[in-house]
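Undergrad: Just the structure for this:
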Amino acid sequence: MYYNDLKSFSLDEMKSIFVEMGQKEYRAIQTFKFIHQNMVNSIEDITVLSKSLRDKLNENFSISDISIAERYDSKLDNTKKYLFKLEDANIIESVAMEYKHGTTACISTQVGCKMGCAFCASTKGGLIRNLSSGEILSQVYNIQNDLDIKLSNIVLMGSGEPLDNYENVIKFLNILHDENGQNLSYRNITLSTCGVVPKIYKLAEQELPITLSISLHSPFNEERKRIMPIAKAYSLDELLEACRYYINKTNRRITFEYTLIKEINDRKEDLNELSRILKGLLCHVNLISLNPIEEFAKDKANKNTIEMFKRELTKSGIPVTIRREMGSDINAACGQLRRKYISKEDHI
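TA: Prediction:
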């Protein structure tokens, strides 16, 4: 479906296409720039090319796009939640969050997710398909066009497991970073994974200076298996070994995401074990308050417990922050709005 999508091609791939068409390489550079700097969605809009060349491109290629199905604006903190409709009518979510330093977009890499984390709404309908690199880019471009801004940071933490869509995600990162495109620094990009160990090793070999974020959520292997099925495939020891390899290879600090769930992973023994397994690692812990969903009948930890975790981890020499809750009045957590929208559409 997206094999002929010009938005999904790297610059080198674009050059090969144009040379095969008997064109000079600089035409490929012009086209790449127009698509990724001007963020156009039609070959007809690449006005730097002649009409005849555009007609020739139109015979075999297109530029994928997504459309805004709905946008929700938070009255609390100016967070904006997007439901995007893909060309095949599937729905994905993205969020734009405003901070002092700029606006961060949290974007999706798959339609749905197969990882099955117990407390995540995105995974409840399973995985439908991967997003192409062009569709991932389109979330960035549509948000920028809609808000008339340049995003300062990108977080691959929306629906889907980025490392389960490895090739398209790597291509997305490289296109977004390309100086002929958005030229966004790798250091302004965060990739979040639930812990697909083989792909962490593979990502380490790329030596990209992005931030790798690991969804940890329990320091005990058996408890982690109960809330995160990925732990049945890769043990905590295997995950931490992969993290050590990644740190040594990239010299980049890893962020560990830890969602605090009352009487599940917020006990003193959880805190002590978390401190033990992370001590000495080049890492940072991001403490998150649970965002309850219907299918996971557990409560969030109280604020005093979260503060205690932060205080004690800091004493252990582990840098830690408490994630600020954004867009709570518009269900800004992943998966919730998409499921409501699909349910509404099914009943029309």
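
Undergrad: per the record, what domains does the protein have?
TA: 6-60, 67-346 (automatic domain parsing).

Undergrad: CSV please, covering those and showing mean pLDDT and mean neighbour count.
TA: Placement of C-beta: from N, CA and C, glycine included. Formatted as CSV, the domains of the chain follow (pLDDT from 0 to 100; neighbours: other CB atoms under 10 Å):
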stretch, mean pLDDT, mean neighbour count
domain 6-60, 96, 16
domain 67-346, 92, 18
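
Undergrad: Roughly how far does the residue lying closest to Asn183 once chain neighbours are set aside sit from Gly160?
TA: Closest residue to Asn183 apart from its sequence neighbours, by CB to CB, 6 or more residues apart in numbering: His177 at 7.0 Å. For His177, the distance to Gly160 equals 20 Å [CB to CB, to the nearest Å].

Undergrad: try Asp88
TA: 16 Å.

Undergrad: how close does Val140 sit to Tyr245?
TA: Counting by CB to CB - Val140 and Tyr245 are separated by 30 Å.

Undergrad: cool, and Val111?
TA: Distance from Val111 to Tyr245, by CB to CB: 31 Å.

Undergrad: Identify the residues contacting the closest residue to Thr255 other than its chain neighbours.
TA: Spatial nearest neighbour of Thr255, excluding adjacent residues (CB to CB, 6+ apart): Ser213 at 4.3 Å. Residues near Ser213 by CB atoms under 8 Å, 6 or more residues apart in numbering: Met157, Thr190, Leu191, Ser192, Thr193, Ile254, Thr255, Phe256, Glu257, Asn286.

Undergrad: Kindly report the same for Thr321.
TA: His284, Val285, Asn286, Leu287, Lys310.

Undergrad: what about the strands in the stretch 101-250 of the chain?
TA: Per DSSP state E, counting those that start in this stretch, the stretch 101-250 of the chain has strands spanning 102-107, 110-112, 127-130, 153-156, 189-193, 211-215. These are given in chain order.

Undergrad: Out of the ones you listed, which gets nearest to Arg276?
TA: strand 211-215 (16.6 Å; CB to CB).

Undergrad: Adjacent strands (with direction) for that closest one?
TA: When sheet partners are counted by DSSP bridges, strand 211-215 sits next to strand 189-193 (parallel), strand 254-260 (parallel).
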